[in-house]
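*Asks:* turn this into a structure:
(chains A, B, C and D)
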Protein chains: 2
Amino acid sequence: MSDDLDISTARSAAESPDALLPLGSELQHSLNFQIRMAQILSYRQFEKKQPGYGGAARFLGLLSIIKNNPGAPQHRLAEAVGLQRSSVVPILDRMESEGIVERRDVEGDRRAKAVYLTGKGDQVVAELSDSALQMERYMTAGLSPEQIRVMVEGLSQIVENLRKL
Amino acid sequence: MSDDLDISTARSAAESPDALLPLGSELQHSLNFQIRMAQILSYRQFEKKQPGYGGAARFLGLLSIIKNNPGAPQHRLAEAVGLQRSSVVPILDRMESEGIVERRDVEGDRRAKAVYLTGKGDQVVAELSDSALQMERYMTAGLSPEQIRVMVEGLSQIVENLRKL
DNA sequence: GTCAGATTGATTGATGTCGAACTATTCGAT
DNA sequence: ATCGAATAGTTCGACATCAATCAATCTGAC
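*Replies:* Sure, this is the predicted structure:
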């Protein structure tokens, strides 16, 4: 009485050697874990899909913010994307050497640098945005528009909550 | 006709110098961007809240999977958490030196190592899981249980979709 | 006006992760 | 039984990010 055995959970790692290791239900229902997994896999995939431009794909968020806030100083860009001031420096170095962004001196504050998207930067952002949209369509296969809306709003709320710490 | 001006988007960076840089609506509604932001901020916060154990906080997911799959080989653990085989090596080195996990030889395959949680590891996982649960409660302030459920399921679906690539 | 403290961007050292090797094993076709 | 291909874990070099620190500049209290 054990060959045609029970339904869902029984199929342990030993029995189906090719399947993914099962997550405990704790992990399966952990928002943090699922967020992390989604982030890791989606960014890996996106960078694989859009190489070049000095790895700009990973920084589409940053570039998009620069486009929307021309002339913003670096520390505010860092804050906006959740990185340290010091981490943004080599990123902008790279983007600048790729001709995607430009640092200009600020009149009235000689410490600061104002960051702008170049013409090429505009093109790159447009291309990457397109690609990102495709990517999102693939990622969200099987989800309703309403469900996606709820997720985006929920994540946005979570980000807001975390920023207050 | 311009002092008491329009509602939502008008308040540009120049006018409210302390506020966060505004995201374009494209970014605001980008699932990828929101996932990334949530992940960055939540893991940073969690590690700040739970330092020690050789940075185990960041690897709670991995440890939890080890607990649920005692004796699994390293490459399957890597796959389960979305990392490269080679990235898991130094993590396990660290966790092993902290006495949290243990690598044992596998009889029947002298290449493989079977990974187990130690007694101390069990305690650490329990403590970190507790802390993670608290963290999630804080993160999700303002979200309904139903909304959280939809998000977890949606993210889970997204992870599944991305794994197929 | 001056000077202590804050702020901006940059630099440095440590660690995490990746991708491409490499070594030791195991597997499979013959 | 043998040997080429696949596999498990590791090592190595490159880069991202952080935290702490630095130099230049700005601000505000006096």
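*Asks:* next, the buried residues of the longest strand anywhere in chain A.
*Replies:* Using DSSP state E, we find that the single longest strand of chain A is strand A:109-117. Under the neighbour-count criterion of 16 or more other CB atoms under 10 Å in any protein chain shown, strand A:109-117 has A:112-115, A:117 buried. Where C-beta positions appear, they are placed from N, C-alpha and C, glycine not excepted.
*Asks:* and it, does that touch chain B?
*Replies:* No: legend: contact between strand A:109-117 and chain B by CB under 8 Å from any CB of the partner chain is lacking; minimum distance shown is 11.0 Å.
*Asks:* and if you look at stretch A:125-139?
*Replies:* Yes: counting by CB under 8 Å from any CB, chain B is contacted by stretch A:125-139 at A:129, A:132, A:135-136, A:138-139.
*Asks:* looking at the residues you listed, spot the one nearest residue B:67.
*Replies:* Nearest to residue B:67, judged by CB to CB, of those is residue A:139 at 28.9 Å.
*Asks:* how many neighbours does that closest one have?
*Replies:* Residues near residue A:139, counting by other CB atoms under 10 Å in any protein chain shown, number 25.
*Asks:* now the element after the one helix or strand in chain A whose mean pLDDT sits lowest, going C-ward?
*Replies:* Ranking every helix and strand in chain A by mean pLDDT, DSSP states H and E puts helix A:25-28 at the bottom, with a mean of 89. Downstream of helix A:25-28, the first helix or strand assigned by DSSP states H and E is helix A:31-49.
*Asks:* show me what that next one is packed against.
*Replies:* Packing partners of helix A:31-49 (3 or more CB pairs under 8 Å, 6 or more residues apart in numbering or on different chains; DSSP states H and E): helix A:119-139, helix B:31-49, helix B:60-68, helix B:119-139, helix B:145-163.
*Asks:* try 10 Å
*Replies:* The contact analysis (3 or more CB pairs under 10 Å, 6 or more residues apart in numbering or on different chains; DSSP states H and E) places helix A:31-49 against helix A:25-28, helix A:119-139, helix A:145-163, helix B:31-49, helix B:60-68, helix B:74-81, helix B:119-139, helix B:145-163.
*Asks:* so which of the ones you listed is nearest DNA strand C?
*Replies:* Nearest to DNA strand C, of all the helices and strands packed on helix A:31-49, is helix B:74-81, at 7.4 Å by CB to the nearest atom of the strand.
*Asks:* would you check that residue A:85 makes contact with residue A:112?
*Replies:* No: under the criterion of CB atoms under 10 Å, residue A:85 makes no contact with residue A:112, lying 11.8 Å away.
*Asks:* residues shared between the contacts of these two?
*Replies:* Residues touching both residue A:85 and residue A:112 (CB atoms under 10 Å, 6 or more residues apart in numbering or on different chains): A:73-76.
*Asks:* for these, which one is nearest chain B?
*Replies:* Distance ranking of these against chain B, using CB to the nearest CB, places residue A:76 first at 5.4 Å.
*Asks:* residues near that closest one, how many?
*Replies:* 19.
*Asks:* try residue A:58
*Replies:* For residue A:58, the count of nearby residues is 16 (other CB under 10 Å).
*Asks:* now swap in residue A:137 and tell me
*Replies:* The local packing of residue A:137 (other CB under 10 Å) involves 9 other residues.
*Asks:* before we move on, the earlier item: among the helices and strands packed on helix A:31-49, which comes closest to DNA strand D?
*Replies:* DNA strand D lies closest to helix B:74-81 among the helices and strands packed on helix A:31-49, at 3.5 Å (CB to the nearest atom of the strand).
*Asks:* tell me the contacts of residue A:162?
*Replies:* A:82, B:37-38, B:40-46, B:135, B:138-139.
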